[in-house]
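# here's my sequence, what's the structure:
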Amino acid sequence: MTDRTTDKSALVFGASRGLGLALVAEYLDRGWRVTATARGTARTGLHDLADSSGGRLTVEEVDITVPEQVAALRERVGDQAFDLVFVNAAITLGNLPVGEVSTESFTKVMITNALSPMRVVEAFQDVVPPTGTIGVMSSRQGSVSFNTNGGHEIYRASKSALNQLMRSFAARHADDPRTLLLMCPGWVRTGLGGPDALLSIDESIPLVVDTIEKQAGHGGLQYLDRNGQALPW
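Numbers count the residues shown, from 1 in each chain. Here you go, the predicted model:
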C-alpha cells in the first residue's frame, strides 16, 4: 500500500472477494478512505485488508438482497458523504437455455444482479454530492447488440435488466449533475469469471478505477468498458 492520501471517500458494496475486494484495495492504494460491505459474519479478505489499512477501511455487514440490511446501513451512514458509491454484485447459476431454468434460479439471479443493486442506488443516492459518482458493475454480456453467440442466457438477461433499470434511474434524474456509470470490467479470472477468463484482476481493476476517476464530474449516464470505451446498449 502506498503513502498517497486524499480526502476522497468511497462506499463499495459487495467487496468480500473477487472484483469488489480488488476495487477496495485499489482505492486504498490510491489513498482513498473506503467503507465496504461483506455478507455475513465470516472473516474475509476484506477484513484482512481493513487490518492493514491504518483505519482507512471500514467493513460493514450487508446482504444487498435483504432490504432491511440495506436500510440499516443507510441509517448507520447517516449524513456521511461519499465521492463514489459503487455496487458490485453478480451471481450466475449455470449456462442453461431459458426453458431449462427453474423459476427459483431465474428469480435469484434477477434479484441479485438487477433489482438489489438498484435498490442500493435508490437508497444511497443522496450520500453522493453533485460532483460525485454512482457506479454499478455491469458486463459486456448485458449488451443486447453484442449478443450474437448466445449462452449464459439468464446472466445476460439480468445484466441487460440492470442496464435498463439504471437508464430509467438516469431518466428520472435527468437534471442531476452526478456521474452515473455502468462499468464492464472484461472477462476476469474470478470465482464468477472462471479460470479460463482472458484477464487477471490486475489487468482489469486498475483500468476500471482509472475510467471511473476520469469520468468524475462529467455527469450523465454512460455504459463503459475498463478502457473508457462506450459499449452499445
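# so where's the chain shaky on pLDDT?
Low-confidence regions of the chain, defined by pLDDT under 70, span residues 1-4, 192.
# who touches the spatially most central residue of it in this structure?
The residue lying closest to the centre of the chain (Cα atoms, centre = their mean) is N88, at 2.5 Å. Counting by Cβ atoms under 8 Å, 6 or more residues apart in numbering, N88 touches V12, F13, G14, A15, L19, G20, L23, V136, M137. In this view, the C-beta of every residue, glycine as well, is placed from N, C-alpha and C.
# now, these that are in strands?
V12, F13, V136, M137 (DSSP state E).
# what's the burial count for the first one?
Here the count is done by other Cβ atoms under 10 Å, and V12 has 25 residues near it.
# for V101, see how far away the closest residue to it other than its chain neighbours is.
Leaving out its chain neighbours, the residue that sits closest to V12 by Cβ to Cβ, 6 or more residues apart in numbering is A36, at 4.5 Å. Using Cβ to Cβ, to the nearest Å, A36 is found at 31 Å from V101.
# comparing those two, which residue is more hemmed in?
Neighbour count, other Cβ under 10 Å: between A36 and V101, A36 has more, with 28 against 17.
# and the helix or strand that the more buried one is a member of, C-alpha only, in PDB?
Using DSSP states H and E, A36 sits in strand 33-38. Extracted C-alpha coordinates of strand 33-38, given in PDB (Å, rounded to 0.1, in the frame of the first residue of the first chain):
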ATOM      1  CA  ARG A  33     -11.000   6.200   2.600                       C
ATOM      2  CA  VAL A  34     -13.300   3.300   2.000                       C
ATOM      3  CA  THR A  35     -16.400   1.800   3.600                       C
ATOM      4  CA  ALA A  36     -17.100  -1.600   2.100                       C
ATOM      5  CA  THR A  37     -19.600  -4.300   2.600                       C
ATOM      6  CA  ALA A  38     -19.500  -8.100   3.000                       C
END
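# what element comes up after that strand heading to the C-terminus?
Using DSSP H and E, the first helix or strand after strand 33-38 is helix 45-51.
# what packs against that following helix?
The elements that helix 45-51 packs onto, with contact taken as 3 or more Cβ pairs under 8 Å, 6 or more residues apart in numbering; DSSP states H and E, are helix 18-29, strand 33-38, strand 57-61.
# can you say which of the ones you listed is nearest to H47?
strand 57-61 (5.8 Å; Cβ to Cβ).
# tell me where this structure has helices.
Secondary structure of the chain (DSSP state H): helices at 18-29, 45-51, 67-77, 103-110, 116-124, 153-172, 201-215.
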